[in-house]
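Colleague: coords below, sequence missing:
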């Protein structure tokens with residue numbers, strides 16, 4: 001991550017040093033842009049430093065998205081010497097019936113993202129709108145990018161009781177470990193009341209590299225800007241919402257989980273945006 005930041009900053013200063021003298025109208029024209037994309041609704045203020053360089057800064061707001069998904073239930077910390085140790089052991093049917101244990105649990109998830117951005121547009125030629133863009137997106141440190149919880153209160157109470165009072169003569173030997181919901185490669189334990197929740201965070205500073213079309217300031221009137229690139233937000237951190245402890249990945253992975261599972265393994269975020277930009281003066 002530090003290497004990516006260093007490369008972005010180096011490119012910015014190298015480009016500024018090369019082209020700073022090419023235009024006497026430095027910071028003399030500005031534009032206002034609004035658009036939509038994978039980062040949500042975006043708005044920024046732009047200016048041309050030279051005919052080859054443009055600067056843009058603004059904010060991106062993604063309205064809170066709510067969705068429902070299922071998480072698999074499986075045994076963890078088992079001491080059974082079988083190949084199943086690597087993949088998790090599913091709940092036997094007789095144990096489900098005897099203890100009322102679910103093999104899945106439905107959770108409600110929320111995606112919430114608000115960022116600012118500072119971007120430098122580098123145009124290979126002053127007569128075309130094509131550009132290379134470098135910069136960074138900025139989020140709040142520790143922000144819960146995605147959170148999830150069981151909507152039905154106490155739905156995992158049977159699981160909590162089962163984990164607390166293991167019967168060595170039951171259908172499931174104690175050596176099989178405890179039951180937990182699987183979020184990708186992470187295990188989420190219910191609390192004593194049968195509830196579980198989790199959240200995912202990423203780096204608050206997210207370097208950006210991409211390609212695009214459209215100048216930061218239209219030569220006249222209104223223009224259309226398009227961006228395609230990636231944010232480098234680092235490996236997501238998954239937390240137990242009850243204890244606040246960071247979870248560590250294990251070998252067993254749940255096959256469900258939807259967006260939670262995808263984001264837990266995603267190191268970069270794709271940025272696609274389309275904006276309209278109007279020249280202010």
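Modeller: In hand now; what should we look at? Just so it is clear, the model here is predicted, and its values are computed rather than measured.
Colleague: Walk me through the regions of the chain where pLDDT falls short of the threshold, as ranges.
Modeller: For the chain, the stretches with pLDDT under 70 are 1-27, 77-97, 166-177, 250-257.
Colleague: now the strands for it?
Modeller: 30-37, 40-48, 53-76, 104-122, 130-138, 146-149, 178-183, 186-188, 197-201, 205-213, 222-232, 237-240, 268-279 (DSSP state E).
Colleague: Quick one: residues contacting residue 223.
Modeller: When contacts are counted by CB atoms under 8 Å, 6 or more residues apart in numbering, residue 223 touches 129, 214, 215, 276, 277. Yep, even glycine has a C-beta here, placed from its N, CA and C like the rest.
Colleague: picking up where we left off before, okay, the strands of the chain in CSV with distance to residue 161 next?
Modeller: Converted to CSV, these look like this (distance: least, CB to CB, whole Å):
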stretch, distance to residue 161
strand 30-37, 47
strand 40-48, 42
strand 53-76, 14
strand 104-122, 15
strand 130-138, 45
strand 146-149, 20
strand 178-183, 10
strand 186-188, 17
strand 197-201, 19
strand 205-213, 42
strand 222-232, 43
strand 237-240, 19
strand 268-279, 40
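Colleague: Going through the contacts of residue 223, which ones are buried?
Modeller: With neighbours counted by 16 or more other CB atoms under 10 Å, those contain buried members at 129, 214, 215, 277.
Colleague: Looking at those residues, spot the one nearest residue 141.
Modeller: Using CB to CB, residue 277 is the member of these that lies nearest residue 141, at 30.5 Å.
Colleague: Find the nearest non-adjacent residue to that closest one, please.
Modeller: With sequence-adjacent residues excluded and distances taken as CB to CB, 6 or more residues apart in numbering, residue 277 is closest to residue 33, at 3.9 Å.
Colleague: show me what contacts that neighbour?
Modeller: Residue 33 makes contact with 42, 43, 44, 45, 46, 56, 58, 225, 275, 276, 277, 278, according to CB under 8 Å, 6+ apart.
Colleague: returning to what we had before: which one of the strands of the chain lies closest to residue 159?
Modeller: Among the strands of the chain, the nearest to residue 159 by CB to CB is strand 178-183 (4.9 Å).
Colleague: between the closest one and strand 197-201, how many degrees?
Modeller: Comparing the axes of strand 178-183 and strand 197-201 via axes from the mean of the first three to the mean of the last three CA atoms, to 10 degrees yields an angle of 40 degrees.
Colleague: From the contact counts, what lies against strand 178-183?
Modeller: Judged by 3 or more CB pairs under 8 Å, 6 or more residues apart in numbering; DSSP states H and E, the packing partners of strand 178-183 are strand 53-76, helix 157-164, strand 186-188, helix 258-264.
Colleague: Perfect, that will be all.
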